[in-house]
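Visitor: Turn this into a model:
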Amino acid sequence: MFSVLAANVVSIGEDKSLEALGQVLFQVTVDLAHHSLKACAPTCGKLATAVQAQFDTYQDSKCAISGLPLFDKRCKKVASNVLETIKKGHVSDPPGVAWYYHMYIDRLGFPVYRCTRGFIEGGVHQNNVRKFASFNASPALTDCALADYRLRHNIQVGSKNMYRITYRSHFSPWIQQAINFMRCKIGQPVLRSYSDPSEKLDVCGNPSITITPEVDSVFGNMQYNYVSYMQGTKYAVTPVHTDEEIKLYDKFRLTDSLASGINQPDYWQKFATAWSKALNESMLRKNVFYKTAESLLLKQHFNKTEDKSKNYNSLRMNEEKVNAADEILNNNSRKRKHTNDILTANNYLCNFQESTLNPFTLFSPLTAISYQSYPYLKYSP
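Guide: This next block holds a predicted model:
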């Protein structure tokens with residue numbers, strides 16, 4: 001964005017044309033806003049044509065193992081039902097519905113719009129995905145993250161829907177509770193977060209039960225030591241999951257004694273014995289753990305690698321069809337253009353000429369076009 005502006009500022013400085021700079025800033029801002037409007041489903045005719053092209057491309061693709069096509073009779077019937085649903089318009093955006101509505105005017109005099117595009121089913125899911133920094137979190141971290149999300153979501157949505165205002169305060173109700181306690185001590189009325197519904201409820205007392213006291217683990221964060229302690233082994237018995245174990249697994253698979261005979265009954269017993277022997281007799285201490293033949297941990301990793309190999313071979317066999325499908329998906333003409341201008345050029349130019357601020361301040365957080373987007377249905381450009 002700034003490279004485009006810098007290239008135009010030089011030319012603007014030569015002919016002193018403020019109007020031309022305003023036109024450039026308007027075009028850049030509107031193009032950026034329209035480029036982010038991906039939460040749209042095309043009309044039934046365009047969508048049915050695109051899906052039909054994908055079905056026609058992939059339905060005759062051969063499997064690298066069985067040699068059978070991807071679509072059998074049942075899959076073709078399901079595909080036909082999907083196309084019929086699309087042609088009826090059940091998947092496309094309903095015509096004549098305004099997904100963007102005006103919220104307020106910012107300090108620069110530009111309107112701010114809000115996007116209501118999205119589905120109730122995916123709303124919470126997508127928000128949680130964006131809130132989590134990583135997956136495979138522990139149950140304790142997941143519970144804390146969800147509790148924090150519930151607190152913030154309820155406060156923000158409740159204030160907007162009940163009071164018609166945007167919440168601009170903290171997210172710690174305990175501070176407000178402490179303030180209310182202090183107000184009660186001096187005889188002042190408490191601050192209410194919500195309007196009183198005048199509803200009376202009976203509160204039952206808590207039963208007298210014994211709660212198990214929380215005890216810190218003596219192992220701290222050493223989860224592998226804890227697992228080995230509970231299993232009664234020198235090292236923890238785990239699946240093949242670290243980089244060091246994957247390299248060691250590939251090394252054993254290349255040895256003469258383990259390169260063949262994988263279908264023999266005692267093959268995985270020999271593999272586990274060689275693995276444990278190498279772990280006990282060498283310096284393979286970091287990120288390498290025990291494996292047993294009874295738990296089939298080594299065989300599970302073998303099955304995963306075989307599945308990846310089969311998928312890769314199937315893709316190589318149907319490389320032309322895959323490339324053709326990717327070309328269709330990545331075609332720029334498939335992206336629906338936003339027809340209704342959110343902000344007209346005349347309005348933008350008028351605000352720009354009246355403003356005495358630096359032109360680059362137009363791209364501050366209070367930008368000319370700001371909206372809340374919910375891209376639950378991302379239509380690939």
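Visitor: rest of the way, CA atoms for contacts and neighbours
Guide: Noted.
Visitor: Next, find the distance separating Ser61 from Leu315.
Guide: For Ser61, the distance to Leu315 (C-alpha to C-alpha, to the nearest Å) stands at 9 Å.
Visitor: Not counting its neighbours along the chain, what's nearest Phe55?
Guide: Distances taken as C-alpha to C-alpha, 6 or more residues apart in numbering put Ala79 closest to Phe55, at 7.6 Å, once the chain neighbours are dropped.
Visitor: Does that neighbour lie in a helix or a strand, and which?
Guide: Assigned by DSSP states H and E, Ala79 belongs to helix 73-87.
Visitor: quick one, helices of this protein?
Guide: Using DSSP state H, the helices of the chain run over residues 2-15, 18-35, 44-58, 73-87, 120-131, 139-163, 173-185, 223-231, 243-253, 267-281, 297-317, 319-329, 345-354.
Visitor: the inter-axis angle of the fourth one versus helix 44-58?
Guide: Okay, so that is helix 73-87. 160 degrees (axes from the mean of the first three to the mean of the last three C-alpha atoms, to 10 degrees).
Visitor: list the buried ones in helix 73-87?
Guide: Residues Ala79, Leu83, Ile86, Lys87 are the ones in helix 73-87 that count as buried (16 or more other C-alpha atoms under 10 Å).
Visitor: which ones are touching the second one?
Guide: Residues touching Leu83, when contacts are defined by C-alpha atoms under 8 Å, 6 or more residues apart in numbering, comprise Ala48, Val51, Gln52.
Visitor: Which segments of this structure make up each domain?
Guide: 17-115+332-363, 122-185, 235-319 (automatic domain parsing).
Visitor: got a list of what Thr292 touches?
Guide: The contact partners of Thr292, taken as C-alpha under 8 Å, 6+ apart, are Val237, Gln269, Ala272, Thr273, Leu298.
Visitor: List only buried entries from these.
Guide: Val237, Gln269, Ala272, Leu298.
Visitor: what bridges to the first one?
Guide: Going back to what we said before, that points to Val237. Per DSSP bridges, the residues bridged to Val237 are Tyr290.
Visitor: quick revisit: which members of the buried ones among the contacts of Thr292 are the farthest-apart pair?
Guide: Val237 and Gln269 (14.7 Å; C-alpha to C-alpha).
Visitor: Just send the contacts of Leu83 back as TSV, with distance to Asp243 and neighbour count too.
Guide: Below are these laid out as TSV (distance: C-alpha to C-alpha, whole Å; neighbours: other C-alpha atoms under 10 Å):
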residue	distance to Asp243	neighbour count
Ala48	44	22
Val51	40	15
Gln52	42	15
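Visitor: Tell me the bridge partners for Tyr113.
Guide: Under the criterion used (DSSP bridges), Tyr113 bridges to His102.
Visitor: Of the contacts of Thr292, which is the nearest to Asn330?
Guide: Nearest to Asn330 among those, with distances taken as C-alpha to C-alpha, is Leu298, at 39.9 Å.
Visitor: Now that that closest one has come up, it's in contact with Lys291, right?
Guide: Yes: shown here, Leu298 and Lys291 form a contact pair, counting by C-alpha atoms under 8 Å, at 6.9 Å.
Visitor: I'd like to know which of the contacts of Leu83 is nearest to Asn287.
Guide: Using C-alpha to C-alpha, the contacts of Leu83 come closest to Asn287 at Val51, 46.1 Å.
Visitor: Which residue is the nearest non-sequential neighbour of that closest one?
Guide: Excluding its sequence neighbours, the residue lying closest to Val51 (C-alpha to C-alpha, 6+ apart) is Leu83, at 7.5 Å.
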